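**Student:** can you look at this prediction? I've put the sequence above it.
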Amino acid sequence: MESLRKVLELERAKDFADTAVLGGLDGFLHRLMKEDRPLGGARLRTALGALPAHGYAGLTPSERRRWAERLLSVLADGPNSARAPRA
């Protein structure tokens, strides 16, 4: 999940413009989910699942910030932490 954390931090540095990775964050997340490795604990899966059906690209920059900060918080706490995800 280190790659996800790095991409989200780069996205933060670029003001959540969806330019941190080629193909946008939606493409990165799609490739990440297709990989044959576990995505971590329930909190991480819940945070990833909180992304709307229209994806990251369809969010406003402020909505992207809230979603990305929440996911970064989960990654910092550890995906198996018992603490509830922040809204």
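**Tutor:** Thanks, I have the structure now.
**Student:** which residue ranges of this structure form helices?
**Tutor:** In the chain, the segments counted as helices under DSSP state H are 2-13, 24-34, 42-49, 61-77.
**Student:** the ones you listed: which one's closest to Gly55?
**Tutor:** helix 24-34 (4.2 Å; C-beta to C-beta). C-beta here means a position set from N, CA and C on the backbone, and glycine is covered the same way.
**Student:** next one: the helix or strand bottoming out on mean pLDDT in the chain to chain centre, how far?
**Tutor:** Ranked by mean pLDDT, DSSP states H and E, the weakest helix or strand in the chain is helix 42-49, scoring a mean of 78. In terms of C-alpha atoms, centre = their mean, to the nearest Å, the centre of helix 42-49 is found 9 Å from the chain centre.
**Student:** could you do stretch 68-80 as well?
**Tutor:** 9 Å.
**Student:** ditto for stretch 11-27
**Tutor:** That offset, for stretch 11-27, works out to 11 Å (C-alpha atoms, centre = their mean).
**Student:** now for Trp67: which residues touch it?
**Tutor:** With contacts defined as C-beta atoms under 8 Å, 6 or more residues apart in numbering, the neighbours of Trp67 are Ala50, Leu51, Tyr56, Leu59.
**Student:** that older thread, got the CA positions of the least confident helix or strand of the chain in PDB?
**Tutor:** As requested, the backbone C-alpha atoms of helix 42-49 are provided in PDB (Å, rounded to 0.1, in the frame of the first residue of the first chain):
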ATOM      1  CA  ALA A  42     -11.700  -3.700   6.300                       C
ATOM      2  CA  ARG A  43     -11.000   0.000   7.000                       C
ATOM      3  CA  LEU A  44      -9.000   0.300   3.800                       C
ATOM      4  CA  ARG A  45     -11.600  -1.600   1.700                       C
ATOM      5  CA  THR A  46     -14.300   0.600   3.200                       C
ATOM      6  CA  ALA A  47     -12.400   3.800   2.400                       C
ATOM      7  CA  LEU A  48     -11.700   2.700  -1.100                       C
ATOM      8  CA  GLY A  49     -15.400   1.700  -1.500                       C
END
